[in-house]
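Undergrad: sequence plus predicted model, see below.
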Amino acid sequence: MKIREKLYTSDNKTISKSVNIDDRSYEKLKQLTLKVYDAKISDIINIAIEEYIERDTPSFYGKLEDESVSYRNLRLRKKNIQKLSEYQKKTGISFTRLLNGAIKEFIENL
């Protein structure tokens, strides 16, 4: 990847979106922002979504029985929202579960 490819084009702005995020995953992301990456939680989530889209194998990750979720406001990239919405229509898996799946896979692949 060339350095300039790390820049996003103006047609892929971040959009505010509120979604339910699994609390354990959110806490792991929070730790990554504090100890590993110079990034906001939303930045890491956008990268997680982009990796998920690149694999192009949307999967259902059910909420664990003892898992709690919290409604969070994130800044997600327009194209990431569009692609997860496409997956939702194609698979019937909710946007929230797709998003949480992307985060889960990102954390597992660290």
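TA: Cool, got the structure. This structure is a prediction, so every number in the text was calculated from the model and none was measured.
Undergrad: what ranges does the protein have for its strands?
TA: 14-22, 69-77 (DSSP state E).
Undergrad: what residue lies at the spatial centre of the protein?
TA: Centroid-nearest residue in the chain, with CA atoms, centre = their mean: Ile45, separated by 3.7 Å.
Undergrad: need the strands of the chain in a markdown table (columns: distance to Lys35, mean pLDDT and mean neighbour count).
TA: Just so you know, the C-beta spots here come from the backbone N, C-alpha and C atoms, and that holds for glycine as well. Shown next, in a markdown table, are these (distance: least, CB to CB, whole Å; pLDDT from 0 to 100; neighbours: other CB atoms under 10 Å):
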| stretch | distance to Lys35 | mean pLDDT | mean neighbour count |
| --- | --- | --- | --- |
| strand 14-22 | 19 | 97 | 16 |
| strand 69-77 | 20 | 97 | 15 |
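Undergrad: so which of those strands is nearest Leu98?
TA: Smallest distance to Leu98 across the strands of the chain (CB to CB): 10.0 Å, for strand 14-22.
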